[in-house]
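In: Predicted model follows, preceded by the sequence.
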Amino acid sequence: MKFNRLFFILIILTALALGLRVFNLQIRPMHTDEAVHAIKFGKLLEEGFYRYDKNEYHGPSLNYMTLLPAWLMSQNELNETNEYTLRIVPVFIGIGLILLLLIIKSYINKTTLFLTAVLITISPIMVFYSRYYIQEILLVFFTYGFIFTMIRLWYSKRIIWALLTGICLGMMHATKETWIISFGVLFFTTIILIFTNNVIRNEIGSRLKGNIRNLSVLIFTAIVISALFYSSFFKNPQGVIDSIAAFSNYFNKAGNFDRHIHPWYFYLGILGYKQNPDFLWSEIFLLIAGLLGLLFLFKKKTGNSNQILRLIGIYSLTLGIIYSLLPYKTPWNILGFYYGWLILAGYGFSEIFKIKLSKSRKIALYIFLSVGMIHLIYQTYLSNFKYFADPSNPYVYGHTSKDIFNLVDMTDQIIQVHPEGKNMMIEVICENHDYWPLPWYFRDYYQVGWWDEVNMDIAAAPIIIASPVLEAHILQKLYEKPPPGQRYLYVPMFRKPVALRPNVYLEGYVRKDVWDVYVQKSSIE
């Protein structure tokens with residue numbers, strides 16, 4: 001496959017990838033993590049300052065990168081932004097994962113690159129998390145950007161590759177603390193290849209000697225890029241120190257955060273099999289293709305192309321094993337090793353096509369592969385546009401229920417008929433402050449109070465949203481605490497508790513005089 005044709009095909013695939021990732025981008029409710037990052041971004045947007053927190057939130061790269069779409073759309077306050085403003089960043093980074101392949105076009109056969117690009121474009125999990133406002137897709141992009149530019153630097157003495165490699169390394173650090181795991185595994189993988197390959201072992205001395213300048217540029221660039229982001233562009237120098245201190249916190253969390261502790265086969269279960277009432281979820285088609293690619297790879301003779309694929313293969317397999325052994329697990333961590341696995345799958349398919357078969361067997365093979373691809377495409381549709389917030393979707397993890405839209409719509413309609421409008425007081429009371437992502441959805445209201453217990457010392461707001469377990473305390477505040485003659489009657493906002501996320505519910509209370517005005521105006525309209 002000629003490069004010009006490959007480039008044209010990649011452009012077509014990029015357009016398709018954009019369509020899959022950007023269409024109906026607001027359809028899925030904001031996840032708690034997305035909302036937390038959004039509020040953090042809002043402070044940067046409105047105040048022009050970001051302070052890195054070594055205990056939460058991860059690195060600042062996502063927040064700073066989100067400034068670009070906000071500025072392009074002339075959004076200067078958080079209440080002017082929307083889901084598109086935020087999620088468009090991971091959308092374009094997800095598309096960038098396809099274009100990254102062009103960096104290694106000279107070292108990987110074009111059929112493998114083409115098939116890999118197809119798989120990245122349609123992979124259900126890659127599409128799903130390219131529509132998600134979290135750091136993981138950024139970390140994958142910068143990690144493989146680092147790997148690919150490092151490969152170019154190995155075979156070239158051009159300083160541009162040293163600069164790009166340094167930028168990617170610095171951005172890895174500026175994105176998420178788990179970058180150190182990826183870097184450590186890559187270093188380990190490189191050492192393995194050096195000591196198991198005579199050609200590389202014999203060349204390494206001369207290549208390193210000829211690249212001392214480039215290596216210095218790489219390290220210096222990485223430090224500068226990382227320091228710029230963590231210091232909030234020199235406004236918070238302490239952030240640089242905190243970015244180092246954060247490692248102990250996150251390694252401790254990796255083994256002691258009960259809510260996300262899962263067995264070693266958690267990731268295999270997500271990718272391998274999950275039964276939906278209407279559909280069988282599985283990316284085992286790609287898992288097997290990647291395994292075949294790995295087997296084909298180590299059967300072939302040594303060459304530049306094979307060594308690069310072996311690097312990617314060993315890296316992906318080792319990273320997947322390490323993430324599986326760590327007790328702390330979230331589904332989006334799969335992306336770190338799955339991208340490399342898709343490259344192996346692309347190679348596996350390209351080698352399968354080379355096998356000499358009879359005409360009937362070749363037809364049977366093509367039919368099997370076509371069915372597998374159709375199954376993947378259909379899964380992409382279901383996971384992103386039908387079961388996008390349904391627990392039966394294996395990529396959905398503690399996700400906000402679609403009921404959130406009903407809660408927000410009802411609150412907004414009541415506020416619109418109230419004389420104070422968006423200045424009307426709202427109380428949100430949830431145990432352990434478990435009200436996220438409501439701060440995102442209530443970002444346009446000016447008088448919202450957030451509590452983890454009922455505050456008896458302030459007057460009850462016209463609207464109260466609370467955890468069901470607090471009902472007795474709320475009734476006490478409404479009907480026992482106020483003196484006679486100063487008590488308002490409250491009615492339920494909803495017929496039954498609203499699901500915020502699985503096993504987390506909210507109840508709504510609205511003052512009856514406010515409710516009556518809402519009902520009256522609703523009936524007229």
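Out: Received the coordinates, thanks.
In: what's the weakest-modelled helix or strand in this protein?
Out: Of the helices and strands making up the chain, the lowest-confidence element is helix 198-209, at a mean of 62, by mean pLDDT, DSSP states H and E.
In: Tell me which helix or strand comes right after it.
Out: With elements assigned by DSSP states H and E, the helix or strand that comes after helix 198-209 is helix 212-230.
In: Who are the packing partners of that next one?
Out: The criterion is 3 or more CB pairs under 8 Å, 6 or more residues apart in numbering; DSSP states H and E, and the helices and strands that helix 212-230 contacts are helix 159-175, helix 238-256. In short, each C-beta sits where N, CA and C put it, glycine included.
In: ok, of those, where does mean pLDDT dip lowest?
Out: Lowest mean pLDDT within those: helix 238-256, at a mean of 72.
In: re the thing from before, any chance of the helices and strands packed on helix 212-230 in a markdown table, plus distance to residue 34?
Out: As requested, the helices and strands packed on helix 212-230 are exported to a markdown table (distance: least, CB to CB, whole Å):
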| stretch | distance to residue 34 |
| --- | --- |
| helix 159-175 | 16 |
| helix 238-256 | 19 |
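In: Tell me which of these sits most buried.
Out: Here the criterion is mean neighbour count by mean count of other CB atoms under 10 Å, and of those the winner is helix 159-175, at a mean of 23.
In: What lies in contact with the next helix or strand after that one?
Out: Where DSSP H and E defines the elements, the next helix or strand beyond helix 159-175 is helix 179-196. By CB atoms under 8 Å, 6 or more residues apart in numbering, the residues outside helix 179-196 that reach it are 139, 142-143, 146-147, 169, 172-173, 200-201, 204, 247, 307, 310-311, 314-315, 318-319, 322-323, 336.
In: mind giving me the domain ranges of this structure?
Out: Following the assignment in automatic domain parsing, the chain carries domains at 3-385, 403-524.
In: Which of the helices and strands packed on helix 212-230 sits closest to residue 281?
Out: Nearest to residue 281, of all the helices and strands packed on helix 212-230, is helix 238-256, at 26.9 Å by CB to CB.
In: coming back round to it: from the contacts of helix 179-196, which would you call buried?
Out: Of all those considered here, the ones buried according to neighbour count by 16 or more other CB atoms under 10 Å are 139, 142-143, 146-147, 169, 172-173, 200, 307, 310-311, 314-315, 318-319, 322-323, 336.
In: and those residues, which of them are in helices?
Out: Assigned to helices by DSSP state H, the following of the buried ones among the contacts of helix 179-196 qualify: 139, 142-143, 146-147, 169, 172-173, 200, 307, 310-311, 314-315, 318-319, 322-323, 336.
In: so what's the closest residue to residue 227 other than its chain neighbours up against?
Out: Nearest residue to residue 227 in three dimensions, chain neighbours excluded: residue 240, at 5.2 Å (CB to CB, 6 or more residues apart in numbering). Taking CB under 8 Å, 6+ apart, we find residue 240 in contact with 226-227, 230-231.
In: and those as TSV, adding neighbour count and distance to residue 126?
Out: Shown next, in TSV, are those (neighbours: other CB atoms under 10 Å; distance: CB to CB, whole Å):
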residue	neighbour count	distance to residue 126
226	23	26
227	18	31
230	27	28
231	20	33
